[in-house]
Every structure is written in C-alpha cells, then in structure tokens.
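> sequence and predicted structure below; questions after.
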Amino acid sequence: MSKSIKSYELHGSYDFATHEINIIKLNNRDLSFLTELKEVSQNKITKSDLSDIRTIVHEITHFLDSTTTIWGAEFNYRKNLYLVEQSNQRGEVLQLNLSELSLHHELNDGAGESLSLNFKIEHAIEYDNEYGVYISVLFYNEGGEVTAKVPTSMLALLECNAIASEILIALELVKSVDGYSGSDIEEEFNDFLISSNDIEYKLFLFLARKHFNFLPLESFLRLFKSFVDLSLNVEAIPLSKFANIVERTCLNKELGRLLSAELRRGSSRAAFLFKLILFSYGHYITCDDEEKLKLRETICKKPINFIHTVLMKLGVRLTNINEFGITQEQLKNQCFFDSEIFMMTSSFNRNLLKSEQFCFQTLKKLKYPDIFKLNNKNATLPCFIKVDLESKISQIFPAFSQLYDLYDEAPKFHLVPGYKEFYIR
C-alpha cells in the first residue's frame, strides 16, 4: 500500500509516517494565500480560491484525525515504538493499524455502473486469510445484480471525513463567491455520491446519506462528522459493550465472535462506524412522527446528543471522549517529532474542536506544524509552528526506510476462526 492517503481527485496527499501534507494540484501558484485566510470570510473570493481552500481543508482533516484522536494517538505511539526498537514484534503490532488502511485497496471490487440512493445495498461479514474479519458492502443495480463489493476500512472512514470537512467549509464560504451557490455544491455532492468512480472513497458518506437523506446537507454532514468523531475516539469500555451488540446481530456466529473480539481490542473502528450509522437509523425509523420531528431538531442543533440517545437505548454509556486514551507522557520521549507535534498542537486542537463547532473560524484558530509542501517542494509559512521535517527524517533514515517497507507487508496479526477466548492477551 501507499504510505500516503491521496484525495479522491488527486489534489493532495497526507503521509501517515511523517504527517507531511503535499499539495499536488493548486490553482494558485503557491501557498502564500494561506497567510491571508483570516480575511477570506469577509472578502470576495473566486471559485478557484474556494477549490484550493477545499483541498487544504481536506488534507488538514487527515492531520487532525491522526493527531487529535484516540485512534491517531495509538497509531503514532505504535509507529514511534517501531522506529525506536525496529523489532519484528513492534512491526506486527503496528500492522494492526496499517492493515486496516491497506484493506481499502486490496479487497475492493469496484463497479463500472452508476449508483443510486434508491437501489438496494446489503452487507456481509467476511474473513480473509491476510486481513482477518471485516464487513463488506454490496451494491446492486436496478436489475438486482451486484455491481460492486467494497470493504469497510479505516482509509474509507478517514477519506469520507475529509470530504465532509471540505464540503462543510465550502457551504460556509460559498456566499463569498460570485456566480456560485450552496445548491451548486449540493448538486456536485449528489453527483459525486452516485458516480461509478471511487466507491471506496465515499462508502460511508453514501451509506449515511442513503439512510439520512431527509436532512439538509449541512445538518447531514455535521451528523456524519459526529459519527466519525465518536468512532475515532470511543474508548475501551463502551467499545466492548458495543461489540457485544454487534456480535448478536451477525448471522454468522463465528465471524461475529471474531469481529466482536477485534472491536474489544480497539481494532475495526470502521466496523464501529458502519454499525453506528445503521443502529442510529434503526432507532429513528422506530419512532412515531412526533418523536421523529424532535429527533430531527436534535440532529440539526447538536447531532452528538442524538447519537448519545441511540447508544443509551443500546445500553452503551459513553465515557469522557475529551481525554486521550494514550497520554502525552507516553509520547514525548519517543524519537522523531511526533512528540513535538502532540505537545505543541494536539491538546490545543483537540480541546478547540470539542468546544467549538467545526467551521472556517475554528480552522483558523487551530495550530499547525510547518508540514506543507507544494508539488514536493517546501512551502514554509510563518504562521505555522516550525518543524525541520527533512532534517529529522534524515537523522533516522534507515528506520524510516524499514517503516515504509512495513507499509507494503499487509498481512495482519488477527484472530482466526476457532480461536479460544483465553488465548487473547
């Protein structure tokens, strides 16, 4: 697999190993206009400016997901331990995370036909010798034939969240663009959802929109980002309780047991998101018309409260998701610069994102290290925290070389059918 996640339109990429953001396609000639972003919401901007902002917001979302969530803290901690020790054992543990990203590419059976929110979809729980247990989604055409089978993966989760972020910001800023409107953005989004291309990049957005199509686009996107935020931050106890419920819903009891066990150890958060969307819709449709009206009002005002209600009905009580499951003390003595990023940016950004609604004003307040490149060339900005990325990589280049090799070794240490409960450690 690639060590980077590229946007579905190939405008930018985010490197999981170094946190480097490389802007591949930009309408502006350089990134200097970023220093003037604080003025964008007050002044007129062009459609090209908005396109550039969307690209940057997309890649910044990947950085935030990697540095302000429990999933990201765990991933970086495991990555740093591998860089420090270079042991096979540390590599196998890191591959728990890497395989959930590469699954996105290796098990995807894409379609050549357009999709429709009105066509049938189904899901199945499956087992692969290399990747273990996972959930796949089957897409049907109007004639009832399966046209695509796509696995739920962490890469799909992260990419859908980045797309939701960029569209939310575009809806906010479009009023500053002459000859372009929110209805244009919504039409483009709908066309993107039903196109035959890149189904793996929009899997969760398609699934959520199919079930919550009654919501205005902005409210839908905020609900979706709340689904993702919880999926990336849910802690061990509520995750274990949720796993028990998931196991009971699986017709294949053996694979259901495997998936439940994966969830209990913090893996398969993409499966958590998938089931959370379905359980949430299931709760909504069982309500009478008056209750549905109240729920829609709740979703539009504070979507996380709706999700909390759903989980409480399932018997899952959330703990404080504002706290990291892995402490910064565990990170700060590691090699490379993840510790610096976490110490300088992560707590501040995490607290800000929890206390304020996701919007352009919030993005301007966040702290970012100087990790941007434009077409593989440094694009230093004075408003960012300086990090000497190339120097730090060169200091431990052999370790990074082996880390990148690890990205291509997809097999995952996973539970197999027939495992015994008391063997899990």
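Received the coordinates, thanks.
> and Glu297, helix, strand or coil?
Of the three states, Glu297 takes helix under DSSP: H, G, I helix; E, B strand; the rest coil.
> what's the pLDDT at it?
Predicted confidence (pLDDT) for Glu297: 96.
> ok, how many other residues are close to it?
Number of residues near Glu297 (other Cβ atoms under 10 Å) recorded here: 11. In short, each C-beta sits where N, CA and C put it, glycine included.
> for the one 5 residues further on, same thing?
A count of nearby residues for Lys302, using other Cβ under 10 Å, gives 14.
> what residue in this protein is the furthest from its centre?
Glu290 (33.5 Å; Cα atoms, centre = their mean).
> what are the buried residues along the helix or strand hosting it?
Using DSSP states H and E, Glu290 sits in helix 289-301. Neighbour counts over helix 289-301 (16 or more other Cβ atoms under 10 Å) mark Leu295, Arg296, Thr298, Ile299, Cys300 as buried.
> and which of these is nearest to Phe214?
Each of those was scored against Phe214 by Cβ to Cβ, and Arg296 proved nearest at 7.4 Å.
> can I get the helix holding Glu290 in PDB? Just the C-alpha atoms.
Only the C-alpha atoms of helix 289-301 are listed here, as PDB (Å, rounded to 0.1, in the frame of the first residue of the first chain):
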ATOM      1  CA  ASP A 289     -43.900  11.100  13.700                       C
ATOM      2  CA  GLU A 290     -43.800  13.400  16.700                       C
ATOM      3  CA  GLU A 291     -40.700  11.800  18.100                       C
ATOM      4  CA  LYS A 292     -39.000  11.900  14.600                       C
ATOM      5  CA  LEU A 293     -39.700  15.600  14.500                       C
ATOM      6  CA  LYS A 294     -37.900  16.100  17.800                       C
ATOM      7  CA  LEU A 295     -35.000  13.900  16.700                       C
ATOM      8  CA  ARG A 296     -34.600  15.900  13.500                       C
ATOM      9  CA  GLU A 297     -34.400  19.100  15.600                       C
ATOM     10  CA  THR A 298     -31.800  17.500  17.900                       C
ATOM     11  CA  ILE A 299     -29.700  16.300  14.900                       C
ATOM     12  CA  CYS A 300     -29.700  19.800  13.400                       C
ATOM     13  CA  LYS A 301     -28.900  21.500  16.700                       C
END
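> any idea how far Phe400 is from the residue farthest from the centre of the chain?
58 Å (Cβ to Cβ, to the nearest Å).
> show me where the stretch 151-300 of the chain has helices.
154-173, 182-194, 199-211, 217-233, 236-249, 253-264, 269-285, 289-301 (DSSP state H, counting those that start in this stretch).
> any chance of those helices in a markdown table, plus distance to Lys79?
Converted to a markdown table, these look like this (distance: least, Cβ to Cβ, whole Å):
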| stretch | distance to Lys79 |
| --- | --- |
| helix 154-173 | 14 |
| helix 182-194 | 32 |
| helix 199-211 | 23 |
| helix 217-233 | 16 |
| helix 236-249 | 20 |
| helix 253-264 | 20 |
| helix 269-285 | 17 |
| helix 289-301 | 36 |
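> that older thread, now render the buried residues of helix 289-301 as a markdown table, adding distance to Val93.
Shown next, in a markdown table, are the buried residues of helix 289-301 (distance: Cβ to Cβ, whole Å):
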| residue | distance to Val93 |
| --- | --- |
| Leu295 | 41 |
| Arg296 | 43 |
| Thr298 | 40 |
| Ile299 | 38 |
| Cys300 | 42 |
